[in-house]
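*Asks:* model the following, please.
(2 chains)
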Amino acid sequence: MSTIYGIYTGYHSQSISLVKDGEIINCLEEERMTRLKAGDNHDCLPEKSHTKIEEVTGLKFEDSDYRVDVFPSHKPYTTLISKGKPYEIISHHTAHCAGAYFTSGMDGKVLTLAYDGGGHEHLMKIFLCEDGKMLEVFNLEQSTSGSLPHIWAFVTSGIMGYDQYMQGKWKMCKDEGKLMGMAPEGHYDEKIYNLLSSVIKYENFNFLPSATAEKTKFLIDSMYDDGLMKTPKQREIISYNLQKLTEDLMIEFFNDIHKKFPEYTKIALAGGLFANVKLNQKLNELDWLDELFVYPPMGDEGLSLGAALWKSNQLGELKKPLKLTNFSFGPSYDEESIYEFSKEFDFIRTGLDYDEIAKDIHSGKIIGWFDGGMEFGPRALGNRSLLVRPTQLETHKVLNRRLNRYDTMPFAPMVLDEHFEDLFTTNKSKYSAQFMTICYSTKTEWIDKIPAVVQKSDKTARPQVITSENNPKIYRLMKRYFELSSIPAILNTSFNTHGEPIIENPLHAFNHLKNKVVDKLVIGNYVYQNR
Amino acid sequence: MYTKIDNIKIYYNFNDGIKVNIDGPDNLYYVELREYPKKSQISKLIQGYHITSKNIYGQKKMFQVDIKFYMDFEILVYRYDSDIGLSLIWSHRYNDRGKLVDFEITTNDEDEAKFWMSKVLQYSKTRGCKPIIKSKFDNLNKLTPNFFNINGVEPYKTYKIGRLPKSSTDWKTVDDRFQGVINFGNWKSIWSYEHPRSWNELNSSQIVDDILGL
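*Replies:* Next comes the predicted model:
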């Protein structure tokens, strides 16, 4: 029985995780501690998260039984904190795939695939997995293959133009979600589709040409010069066609994978590309696919956990994929420490009354919800969330103003498990939907009832399934809200203002209450509000 | 050297690394350097970025990769076509057959210079190029047939053979993730732009073989 620290010291989204006896104990991404989003703080090292996780777990990095880093590794840093103890470095995409497979909850044959903008030598790896064993069967090399995630990164960086220092006004590894959010407002344009296709094509298990990043930068800068992305509408058209191209190529690729490995109808995915929930929806709708799982920390932040799980499996301590009820592996705070934080402020504090909070939501108040361990990965899943009624489209204006968000960025619903099929056209891959990683088409009769969480053009939503097991408190609150409103959904967005990482500790939450970002703050078993 | 395609002039030079610049009507051109690894027909990316033919703030005017040792490389130049996107307009694969090639031998040891010269001649015979040898030893230099006949002729390529130190242009070595080497395309790592591997760990024969790809 072993303690294993996984660490990722690469170029962005650095993180650290602890696995003990085959169980996930703690995971923490550096951006939550530095308070600078990964896209704004490339090349940092996981110094603060390393310190914090040692404080939380009481286990020094060097005192763990095993230490695993991931390529591309910052060896001097890992060597420094290992204090002379040995450590392993594993392949970037092996760590991605190990994270996805060992948290997929899937039995039997599982095809696990990771595809991203690159790490070490590769862009993609595929493993055939069964009974806790992973067999690598395919990879794409960076030097000879192309990367769809690179296109997303560089279109994101260039689409809004550049500042005086020639830096993109939008940031890669940060603002791709905004670009995806614009897509439904655009339409198919053959010329734009073909222009984008000139930097990536799919044929015979390969994406070509290579050097997608550099070629996309050239293409986007040239399209910008050509006046093709001056207006918001033009940018929406580019976004739409990029989304369509991504879906077209990946569906063709996955259908080829199915022809090659027809007995594998369960798929687990990781890598930055699969932060694209619309793509995940298209993949989930493939008729031959039985179940899709998208690793909740699908980007590079999930590598540290993947590395630790991989080692645990190698040691024979993790024998099969874990079925998790949540991904709240970050720091949590007890009532006493929360109270200590609150002393800096002059708030009214009352006990948590679920009926009262449900009424507040029903009346349009914005509720900050801070409870338990912080989520690991890009989604707030009810532990660091803002909760709002989903029934009024005008809610967007209020939220966007308070959070300084763009109006193209969609909001997502939490949905009571037992009502999921009432609202959406399929219930496939519901386990993954607990982590808000797949879009679903909304049933017609619900579109007008929950307009604030349905994409207005394509009528999709990115639901999070709430069960009495995965988040008992939120489940209880939603039941109360349902009794009041007959709506089994609540708008859930991450507890942070735009450009800021999701909040980590009670102080961050209290500051947002003080600054009137939220009307009330539920934290632990108490409700706080301004006087 | 240059080549002309319609109204686009592409200048290229391999005498101090690999350099390309372009004179043409477009604002931007994309240039890519790829290498064919030994016994492979699939080229791998070394470096690619776009350059401008005009004075545009923030854009580079020259494509440059400072690798000076032998590589079986190919240069590709693309322009932006507003209907089809990236359009390949020129490619050039390194081929010094029949061309003048400069070999600068840097050693104070005459025996070593002779040995390296024999390796140069081996390279020249294999590849069919016309060697010009420059060393501290004039008697050796004059043994090459092209020595007296090169005034004003630009060599196709210049190789420097010696124990050459890392230079200030080896800027990528400062990144700790690269462990003191220069990394290209996440597959190729070199010790410096002059040497694929550190000469500290090589004998005299390995040094010249490394530089000339023998």
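*Asks:* skip the chain neighbours and tell me the closest residue to the residue of chain B found nearest chain A.
*Replies:* Relative to chain A, the nearest point of chain B is B:Gly85 (2.8 Å; CB to the nearest CB). Placement of C-beta: from N, CA and C, glycine included. Spatially, and ignoring its direct neighbours in sequence, B:Gly85 is nearest to A:Ser198 (2.8 Å; CB to CB, 6 or more residues apart in numbering or on different chains).
*Asks:* residue contacts, that neighbour?
*Replies:* Counting by CB atoms under 8 Å, 6 or more residues apart in numbering or on different chains, A:Ser198 touches A:219, B:84-87.
*Asks:* follow-up on the earlier one: can you report how many residues neighbour the residue of chain B closest to chain A?
*Replies:* When neighbours are defined as other CB atoms under 10 Å in any protein chain shown, B:Gly85 has 21 of them.
*Asks:* then B:Ile211?
*Replies:* 25.
*Asks:* and it, helix, strand or coil?
*Replies:* Using DSSP: H, G, I helix; E, B strand; the rest coil, the structure places B:Ile211 in helix.
*Asks:* can you tell me which residues contact it?
*Replies:* B:Ile211 touches B:69-70, B:159-161, B:194-196, counting by CB under 8 Å, 6+ apart.
*Asks:* got the phi and psi for the spatially most distant residue from the centre of chain B?
*Replies:* Ranking residues of chain B by C-alpha distance from their mean position (CA atoms, centre = their mean) puts B:Asp83 at the top, at 34.1 Å. As for B:Asp83, its main-chain torsions (degrees, to the nearest 10) stand at phi -100, psi -30.
*Asks:* test my guess that it contacts A:Lys191.
*Replies:* Yes: shown here, B:Asp83 and A:Lys191 form a contact pair, counting by CB atoms under 8 Å, at 6.9 Å.
*Asks:* quick one on the thing from earlier: just the pLDDT for the residue of chain B closest to chain A.
*Replies:* Here, the pLDDT recorded for B:Gly85 equals 94.
*Asks:* over to the one 3 residues further on?
*Replies:* On pLDDT, B:Leu88 comes in at 95.
*Asks:* a strand runs through it, doesn't it?
*Replies:* Yes: looking at B:Leu88 with three-state DSSP, it is inside a strand.
*Asks:* so, low pLDDT: which residues of chain B?
*Replies:* B:145-151, B:168, B:171-180 (pLDDT under 70).
*Asks:* helices of that one, start to end?
*Replies:* B:110-127, B:138-141, B:204-212 (DSSP state H).
*Asks:* most neighbours per residue, which of those?
*Replies:* helix B:204-212 (a mean of 19; mean count of other CB atoms under 10 Å in any protein chain shown).
*Asks:* which residue ranges of the stretch 401-531 of chain A form helices?
*Replies:* A:420-423, A:430-433, A:444-447, A:472-485, A:506-514 (DSSP state H, counting those that start in this stretch).
*Asks:* those into a markdown table, with extra columns for distance to B:Lys4?
*Replies:* As requested, the helices of the stretch 401-531 of chain A are arranged in a markdown table below (distance: least, CB to CB, whole Å):
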| stretch | distance to B:Lys4 |
| --- | --- |
| helix A:420-423 | 64 |
| helix A:430-433 | 57 |
| helix A:444-447 | 60 |
| helix A:472-485 | 69 |
| helix A:506-514 | 62 |
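*Asks:* out of those helices, nearest to A:His92?
*Replies:* Minimum separation from A:His92 across the helices of the stretch 401-531 of chain A (CB to CB) falls at helix A:430-433, 22.3 Å.
*Asks:* residue of chain A closest to chain B, please.
*Replies:* A:Ser198 (2.8 Å).
*Asks:* pLDDT at that residue, what is it?
*Replies:* 95.
*Asks:* just to revisit the earlier point, got CSV for the helices of the stretch 401-531 of chain A, with distance to chain B, mean pLDDT and mean neighbour count too?
*Replies:* CSV is the format used below for the helices of the stretch 401-531 of chain A (distance: least, CB to the nearest CB, whole Å; pLDDT from 0 to 100; neighbours: other CB atoms under 10 Å in any protein chain shown):
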stretch, distance to chain B, mean pLDDT, mean neighbour count
helix A:420-423, 41, 96, 18
helix A:430-433, 30, 95, 20
helix A:444-447, 37, 96, 14
helix A:472-485, 41, 98, 19
helix A:506-514, 31, 97, 20
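*Asks:* looking at these, which is nearest to A:Pro86?
*Replies:* It's helix A:430-433; of the helices of the stretch 401-531 of chain A, that one is closest to A:Pro86 (CB to CB) at 36.0 Å.
*Asks:* residues in contact with the closest one: which ones?
*Replies:* A:104-105, A:280, A:291-294, A:323, A:417, A:420, A:438, A:440, A:463-465.
*Asks:* quick one, what contacts B:Thr52?
*Replies:* B:27-29, B:59-61.
*Asks:* narrow those to those that are buried.
*Replies:* Neighbour-count burial (16 or more other CB atoms under 10 Å in any protein chain shown) applied to the contacts of B:Thr52 gives B:27-29, B:59.
*Asks:* any chance of CSV for those residues, columns distance to chain A?
*Replies:* Output for those, formatted as CSV (distance: CB to the nearest CB, whole Å):
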residue, distance to chain A
B:Asn27, 6
B:Leu28, 6
B:Tyr29, 8
B:Gln59, 8
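*Asks:* against A:Lys48, how distant is B:Tyr57?
*Replies:* Using CB to CB, to the nearest Å, B:Tyr57 is found at 37 Å from A:Lys48.
*Asks:* settle it for me: which of the two has more neighbours?
*Replies:* A:Lys48 (18 against 7).
*Asks:* with adjacent residues omitted, what lies nearest to the more buried one?
*Replies:* Closest to A:Lys48 by CB to CB, 6+ apart is A:Met33, at 3.6 Å.
*Asks:* work out for me the element the one you found sits within.
*Replies:* helix A:30-34 (DSSP states H and E).
*Asks:* what sits against the residue nearest to A:Lys48?
*Replies:* Per CB under 8 Å, 6+ apart, neighbours of A:Met33: A:48-49, A:52, A:504.
*Asks:* these in helices, which ones?
*Replies:* Per DSSP H, these map to helices at A:48-49, A:52.
*Asks:* and the contacts of B:Thr52, which two are furthest apart?
*Replies:* So, the contacts of B:Thr52 by CB to CB: farthest apart are B:Asn27 and B:Lys60, at 12.5 Å.
*Asks:* list the contacts of stretch A:283-294.
*Replies:* A:100, A:103-106, A:250-251, A:254-255, A:258, A:262, A:265-270, A:274, A:280, A:426, A:428-429, A:431-432, A:435, A:437-438.
*Asks:* what about that stretch, average pLDDT?
*Replies:* 98.
*Asks:* just to revisit the earlier point, most neighbours, which of the contacts of A:Met33?
*Replies:* A:Ser49 (29 neighbours).
*Asks:* burial count for residue 160?
*Replies:* With no chain named, the answer covers chain A. 16.
*Asks:* that's the wrong chain, I meant chain B
*Replies:* 18.
*Asks:* what separates it from B:Glu110, distance-wise?
*Replies:* 18 Å.
*Asks:* now swap in A:Met106 and tell me
*Replies:* Counting by CB to CB - A:Met106 and B:Glu110 are separated by 71 Å.
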